[in-house]
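>>> sequence and computational prediction follow.
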Amino acid sequence: MSAPTAPTGAAGIAPGVSAGASAPAAPPALTPVFLRIKLSLLRNGLKGSSKRKAAYFSTLAFALVVGFFMTLGLALLHGNAHAGTVVVLLAGILALGWAFMPLFFPAGDETMDPGRLVMLPLRPRPLVRALLATSLVGIGPLFTLCLAVGSVTAVARGAAGAVAAVVAVPLLLLGCVTLARAVATANVRLLTSRKGRDLALLSGLVIAVGAQLANFASQSLFQAGGVTALEPVEAVVRWLPPATAVGMVDSVGEGAYGRAAAQLVLSVAAVAGLLWSWERSLTKLMVTPDGSTIAASGPVKNRGGADGGFWSLMPGGRTGASMQRTLRYAVRDPKTKSAWVTALAIGVIVPVFNALQGTGSVYLGSFGAGMLGVQMYNQFGQDTSAFWMVAQTISSTRDAYVELRARAAALALVVLPYTVLVTAVTAALVDDWQAFPAGVGVALALVGSMLCTGALASARFPYSIPTDGAFKNVAPGQGGLAWGGIAAGMLMSALVSAPVIALTIWLNMAENRDVSWIVLPVGVVWGWLAAWAGLRLAAPTVARKLPEILSAVSKG
């Protein structure tokens, strides 16, 4: 008798294995999912608001037009002896912009915040690939791609140069985007803490000062010997990734294939190293507890009553309360503080450095006034969802007018003495005290004009300032609205103050500088009238559109 055999089913499946069972399905790839999410968020962010659509597409059109002409200009450098110097330095500046600008002027991939993904069961490496793909979708990467194409076109020579150019373009783009994401992710924990955000504020000032120093240094270099004077700097930058990608194309065109190979290796190694660093930072971010969730220990310090000291000088009623709230935001809220301090610093740096370089003018004091005047834009956005408490106290156009007037008065409390001081320092440095009254008059007219347009922009183009991200000053889908409103408002401010500017120019051209002091009272009156008119025009819109404003500023 033969030995019994194990029974099998009709399909030959051994016992214990269910006929209906199958191998577990592989999880879907993250990259296509994240790309669909990114596109859906961008598309949905533009729904229901024609102003948002107009702002976004106008920003896109502006970036495309500027990118096209810059690409064309770089391509026209083909064959020029200094083309390599220009494009290599441009690549280095582009990389610096990608590394630091998102930290202080966020406009990057704001819809894929890694802080929102910490509770999801995602592995770091697939997540990095998915986030990298989403980072390549947007206006910034498109503009960078245009500059990369123009740069390699300027230095590519021959068939080998064309092949190198095809490799260099994605390397430069990936290097810039990966650098931005690695730096941003590495600083998430730092910049989300109160002390860390204050430190980032100081870092922003260092960058602002460094940018001005670089600007004036470049002017001196150009005056000394033109582009030739920058060749020693370019010789160093071409070995710093991701500028090495453009340097590789230039080296191939010169026939230096060994040098080109070394630059290619550096470029690839830099991208790989940045991806590794990004993955490590992302892993640490997603597995370590957030210090902001740990309750603070120790006794609460008594900071004193709000009614004493400086605050006792505020007027009574809604005006004083609104002024105090606005000034406290400027002192305590990290993002508002960053905007104020950066404006104060750059407003001094530009006129003073120009004066030290011998190219200064008393009228550059208006630059600082303009920088601070921008703080009037989006007044309700700094309240975020807490604006509902303000909205509950506004029941008439008069209430809205008083609220706007108080916020403008709080800003003017800082701007007016600051403008006079900066103009006086500039006048002392350029030794032109005769133009000092006219300089102050023009600056004050500009301040009034920006208070006017800022009130109108706050009423008609409000946007949300997120509180849960260190790198985002605008909620997803509202970036174009924010930048469009500010740009349009600054242009209108120049038009509103144009009569005072025209009067100043006429007095100087007509050699009537002895009576140019008249610009001071004219500027004061004109600025006051402009601010008053803007507040009056904006108040009915605020009173009528309170629900819409609350919805717009609560998206973050």
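Done, it's in.

>>> which parts of the stretch 251-400 of the chain are helices?
Secondary structure of the stretch 251-400 of the chain (DSSP state H, counting those that start in this stretch): helices at 257-287, 317-332, 334-356, 365-373, 387-392, 397-430.

>>> any chance of TSV for the ones you listed, columns mean pLDDT and distance to residue 74?
Every C-beta, even on glycine, is put in place using the N, C-alpha and C of the backbone. What follows is those, written out as TSV (pLDDT from 0 to 100; distance: least, CB to CB, whole Å):
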stretch	mean pLDDT	distance to residue 74
helix 257-287	89	19
helix 317-332	84	42
helix 334-356	80	28
helix 365-373	84	30
helix 387-392	87	46
helix 397-430	91	36
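
>>> what about residue 233, neighbour count?
Neighbour count for residue 233, taken as other CB atoms under 10 Å: 16.

>>> with adjacent residues omitted, what lies nearest to it?
Leaving aside its sequence neighbours, residue 233 sits nearest to residue 89 (CB to CB, 6 or more residues apart in numbering; 6.9 Å).

>>> relative to residue 333, how far out is the one you found?
Residue 89 is 37 Å from residue 333, where distance means CB to CB, to the nearest Å.

>>> follow-up on the earlier one: which stretch of helix or strand covers the residue nearest to residue 233?
Using DSSP states H and E, residue 89 maps to helix 83-104.

>>> and that helix, average pLDDT?
The average of the pLDDT scores along helix 83-104 is 82.

>>> could you give the angle of it to helix 257-287?
Interaxial angle of helix 83-104 relative to helix 257-287 (axes from the mean of the first three to the mean of the last three CA atoms, to 10 degrees): 0 degrees.

>>> who touches whatever helix or strand comes next after helix 83-104?
For helix 83-104, the following helix or strand on the C-terminal side (DSSP H and E) is helix 124-135. Contact partners of helix 124-135, identified using CB atoms under 8 Å, 6 or more residues apart in numbering, comprise 29-31, 33-35, 37-38, 108-109, 111-112, 114, 117, 141, 174, 177-178, 180-181, 275, 278-279, 282-283, 286.

>>> quick revisit: now do the helix holding residue 89: distance to the chain's middle.
In this view, helix 83-104 has its centroid 15 Å away from the chain centroid, taken as CA atoms, centre = their mean, to the nearest Å.

>>> and if you look at stretch 176-190?
Put simply, stretch 176-190 sits 15 Å off its chain's centre (CA atoms, centre = their mean).

>>> where does this protein dip in pLDDT?
1-28, 48-49, 101-116, 188-227, 229, 288-310, 467-481, 510, 556 (pLDDT under 70).

>>> let me see the domain layout of it.
For the chain, the structural domains run 30-35+58-288, 317-553, going by automatic domain parsing.

>>> turn these into CSV, including distance to residue 52.
Below are the domains of the chain laid out as CSV (distance: least, CB to CB, whole Å):
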stretch, distance to residue 52
domain 30-35+58-288, 11
domain 317-553, 5
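
>>> quick check: which of those domains is nearest to residue 45?
Closest approach to residue 45 among these (CB to CB): domain 317-553, 2.0 Å.

>>> endpoints of that closest one, how far apart?
With CA to CA, to the nearest Å as the measure, domain 317-553 spans 25 Å from end to end.

>>> likewise stretch 492-504?
19 Å.

>>> who touches it?
363, 370, 373, 438, 441-442, 445-446, 448-450, 452-453, 516, 519, 522-523, 526-527, 530.

>>> quick check: buried residues in it?
492-493, 496-497, 500-501, 503-504 (16 or more other CB atoms under 10 Å).

>>> kindly report the same for stretch 423-442.
So stretch 423-442, judged by 16+ other CB under 10 Å, has buried residues 423-424, 426-427, 429-430, 432, 435-442.

>>> ok, back up a step: relative to residue 461, which of the buried residues of stretch 492-504 is nearest.
Using CB to CB, residue 492 is the member of these that lies nearest residue 461, at 12.1 Å.

>>> element containing the closest one, please.
helix 479-496.

>>> now do residue 236
Using DSSP H and E, residue 236 falls in helix 231-237.

>>> convert the C-alpha atoms of that helix to CSV, please.
Written as CSV, here are the backbone C-alpha positions of helix 231-237 (Å, rounded to 0.1, in the frame of the first residue of the first chain):
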residue,chain,number,x,y,z
GLU,A,231,37.0,86.7,-11.8
PRO,A,232,38.9,85.8,-8.6
VAL,A,233,35.5,85.4,-6.8
GLU,A,234,34.1,83.4,-9.7
ALA,A,235,37.2,81.1,-9.6
VAL,A,236,36.2,80.1,-6.0
VAL,A,237,32.4,80.0,-6.6
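
>>> tabulate the CA atom coordinates of stretch 419-426 in CSV.
Written as CSV, here are the backbone C-alpha positions of stretch 419-426 (Å, rounded to 0.1, in the frame of the first residue of the first chain):
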residue,chain,number,x,y,z
THR,A,419,11.8,108.9,9.6
VAL,A,420,13.0,112.2,11.0
LEU,A,421,15.9,110.6,12.7
VAL,A,422,17.0,108.6,9.6
THR,A,423,16.7,111.6,7.4
ALA,A,424,18.7,113.7,9.9
VAL,A,425,21.5,111.1,10.0
THR,A,426,21.6,110.9,6.2
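
>>> circling back: from the middle of its chain, how far away would the helix holding residue 236 be?
Using CA atoms, centre = their mean, the offset of helix 231-237 from its chain centre is 28 Å.

>>> if we can go back for a sec, which among the domains of the chain is found nearest to residue 47?
Once these are compared by CB to CB, domain 317-553 is nearest, at 8.8 Å.

>>> distance from the closest one to the middle of the chain?
Computed by CA atoms, centre = their mean, the chain-centroid distance of domain 317-553 equals 19 Å.

>>> got CSV for the buried residues of stretch 492-504, with distance to residue 317 too?
Formatted as CSV, the buried residues of stretch 492-504 follow (distance: CB to CB, whole Å):
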residue, distance to residue 317
492, 31
493, 29
496, 29
497, 31
500, 33
501, 36
503, 38
504, 38
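
>>> residue 84 is in contact with residue 234, isn't it?
Yes - under the criterion of CB atoms under 8 Å, residue 84 makes contact with residue 234 at 7.2 Å.

>>> who has more neighbours out of these two?
residue 84 (23 against 20).

>>> run a quick neighbour tally on residue 142.
15.

>>> from residue 173, how far out is it?
Taking CB to CB, one finds residue 142 at 10 Å from residue 173.

>>> now residue 554
35 Å.

>>> which of the two has more neighbours?
residue 173 (22 against 17).

>>> so who does that one touch?
When contacts are taken as CB under 8 Å, 6+ apart, residue 173 is in contact with 136, 141, 144-145, 148.
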